[in-house]
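**Student:** Here is my input, please return the structure:
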Amino acid sequence: MPNPMNPPFRVGLIGCGDIARKAYLPFARQQQDFVITACCDARLDFAESLAREFAIPRAISDPGEIIEAPDIDIVLNLTHPAAHAPLNLRAVRAGKHVYVEKPFGLDRAEARAVLDAADKNGCLVGCAPDTVLGPGTQHVRRLLANGVIGQPLFARLVCASGGHESWHPNPAFYYAGGGGPMLDMGPYHLSFLIHCLGPVKNVGGRAVRGFRTRTITSSPLAGTIIPVETPTHYVGSMEMVCGVIVDVCFSFDLPFGYNGSNLPEIYGTEGRLQAPDPNKFEGSVHVNSTRRRDTPLQIVPDNTPTGPTGRGLGLVDLCRALREKRPPRASGELAYHVLDVMLAFHDSEKEERRIEIGSTCNQPLLLPAGGLV
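**Tutor:** Residues are numbered from 1 along each chain as shown. Have a look, this model is predicted:
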């Protein structure tokens, strides 16, 4: 539990869309480590509506007021991906700590500038996803550490679907620059992999488009045809620094289904492990250690006590990291490495060669038993 002698950190929220209302704020109002004291959106009516619903004292439309406010300690950046790095850079230059939604940036230069400025100004930077801090991924980490599948040798990451135009109300940005399945879903799966196995050494892959246009079938824009401006099908392999080889497939180009599972799998000298969906905090872990291919995977119960989970758990950990003078587990360093790896698939496609990853990161600490209670 946080020390009652320490007041909660004061958080300024920028970006008052659905992810704030439906994901972050229901969890945030249950926390003692921080309190949201102001919210901001270019659409002032969105900010005012959110402030009324969640009893936030201030609603404003200029992000500069959040960034420059002397009574704000941390900026929570839930804006559109293209605004992530520019706003983060302004915030850390103003001496604010930052927690941001994924992806960390759209290119390496803007993302690196944020980390360099944060280091110069003594600021901590955290980044989603924080689902890896949930009991699902943490259980996988403990099982691997205990040798349940022996020495890991290979892994498989798949996130395949037909895209978002059949259900999302306004899916065009998923197919514009900065969109696509890698930047959209890659952070979840790659963060899971790095938490479990450490950093990535190199990437070899393809990044292509299966369809040149998409037709929206969801309301309210049903019938609208949108161009596809970014790769929507990624395949390839990664080599981890620890030596594990990883097969990868991220796709929006399989509308007729994928004959397989979207759950990560890790194969070792003594067994096979199927992990929960990295997009979720909870989930069962399945293992087969019988050396028989036809033996069904068995659930491995998790008897470790866990704490509350929800979007914003990474922000809680960042607050604890500030008090404990340690790096956050969902860190900007890790998020930059994830971005570097994702962009390497584009580089590999363009240059027709394997790409060595220039960045690295530390494997985050396991959560203590009981989670972040």
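**Student:** In stretch 210-221, which of the residues would be classed as buried?
**Tutor:** Using 16 or more other CB atoms under 10 Å as the test for burial, stretch 210-221 gives 214, 216, 221. C-beta: built from backbone N, CA, C; applies to glycine.
**Student:** so the second one touches residue 226, yeah?
**Tutor:** Yes: here residue 216 lies in contact with residue 226, judged by CB atoms under 8 Å, at a distance of 6.6 Å.
**Student:** Do you have the strands of the stretch 1-150 of the chain handy? List them.
**Tutor:** Secondary structure of the stretch 1-150 of the chain (DSSP state E, counting those that start in this stretch): strands located at 9-14, 34-40, 58-60, 74-77, 97-100, 125-127.
**Student:** out of the ones you listed, which comes closest to residue 119?
**Tutor:** Residue 119 lies closest, by CB to CB, to one member of the strands of the stretch 1-150 of the chain: strand 125-127, at 9.1 Å.
**Student:** how far away is the residue positioned nearest the centre of the chain from residue 312?
**Tutor:** Centroid-nearest residue in the chain: residue 129, 2.5 Å away (criterion: CA atoms, centre = their mean). With distances taken as CB to CB, to the nearest Å, residue 129 is found 11 Å from residue 312.
**Student:** Where does pLDDT dip in this structure?
**Tutor:** Residue ranges of the chain with pLDDT under 70: 1-5, 373.
**Student:** where do the helices sit along it?
**Tutor:** Secondary structure of the chain (DSSP state H): helices at 18, 25-28, 44-54, 63-68, 81-93, 108-120, 135-145, 180-197, 313-324, 332-351.
**Student:** Touching stretch 244-254 from outside, list them.
**Tutor:** 152-164, 174-175, 180-182, 185-186, 189, 193, 197, 205, 209-211, 232-240, 258, 266, 345 (CB atoms under 8 Å, 6 or more residues apart in numbering).
**Student:** Which members of these are classed as buried?
**Tutor:** Buried, going by 16+ other CB under 10 Å: 152, 155-164, 174-175, 180-182, 185-186, 189, 193, 197, 205, 209, 232-234, 236, 238-240, 266, 345, out of those.
**Student:** Quick check: chain neighbours aside, which residue is closest to residue 175?
**Tutor:** Nearest residue to residue 175, sequence neighbours excluded (CB to CB, 6 or more residues apart in numbering): residue 228, at 4.6 Å.
**Student:** right, and the one you found touches residue 214 too?
**Tutor:** Yes: with contact defined as CB under 8 Å, residue 228 reaches residue 214; the gap is 6.1 Å.
**Student:** joint contacts of those two?
**Tutor:** residue 175.
**Student:** Count the residues that sit near residue 111.
**Tutor:** Around residue 111 there are 27 other residues, counting by other CB atoms under 10 Å.
**Student:** My read is that it contacts residue 336, right?
**Tutor:** Yes: Residue 111 is in contact with residue 336 according to CB under 8 Å; the separation is 5.2 Å.
**Student:** hey, what's in contact with both of those two?
**Tutor:** Residues touching both residue 111 and residue 336 (CB under 8 Å, 6+ apart): 104-105.
**Student:** got a list of what the residue nearest to residue 175 touches?
**Tutor:** 175, 209, 211-214.
**Student:** Report the contact partners of residue 211.
**Tutor:** Neighbours of residue 211 in contact, by CB under 8 Å, 6+ apart: 228, 232, 253.
**Student:** give me that answer again for 10 Å
**Tutor:** The contact partners of residue 211, taken as CB atoms under 10 Å, 6 or more residues apart in numbering, are 163, 175, 228, 232-233, 252-253, 255.
**Student:** doesn't residue 337 make contact with residue 195?
**Tutor:** No: using CB atoms under 10 Å, residue 195 is not in contact with residue 337, being 11.6 Å away.
**Student:** what about the closest residue to residue 77 other than its chain neighbours, how many neighbours?
**Tutor:** Counting by CB to CB, 6+ apart, residue 77 lies nearest to residue 100, which is 4.0 Å off, once chain neighbours are set aside. Using other CB under 10 Å, residue 100 has 30 neighbouring residues.
**Student:** is residue 100 in a bridge, and if so with what?
**Tutor:** Beta-bridge pairing for residue 100 (DSSP bridges): residue 77, residue 127.
**Student:** quick one: contacts for it?
**Tutor:** 14-15, 75-79, 81, 83-85, 87-88, 91, 114, 125-128, 314-315, 332, 335.
**Student:** same deal with residue 124?
**Tutor:** By CB under 10 Å, 6+ apart, the contact set of residue 124 is 74, 92, 96-99, 118, 318-319, 321-322, 325-328, 331-332.
**Student:** For PyMOL, what selects the buried ones among those residues?
**Tutor:** This is how PyMOL selects the buried members of the contacts of residue 124, with burial counted by 16+ other CB under 10 Å:
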select buried, resi 74+92+96+97+98+99+118+318+319+321+322+327+328+331+332
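**Student:** now residue 174: how far from residue 186?
**Tutor:** 13 Å.
**Student:** Quickly list what's touching both of these two.
**Tutor:** In contact with both residue 174 and residue 186: residue 180, using CB under 10 Å, 6+ apart.
**Student:** Stretch 118-131: end-to-end distance?
**Tutor:** 24 Å (CA to CA, to the nearest Å).
**Student:** likewise stretch 162-179?
**Tutor:** Counting by CA to CA, the length from the leading to the trailing residue of stretch 162-179 is 15 Å.
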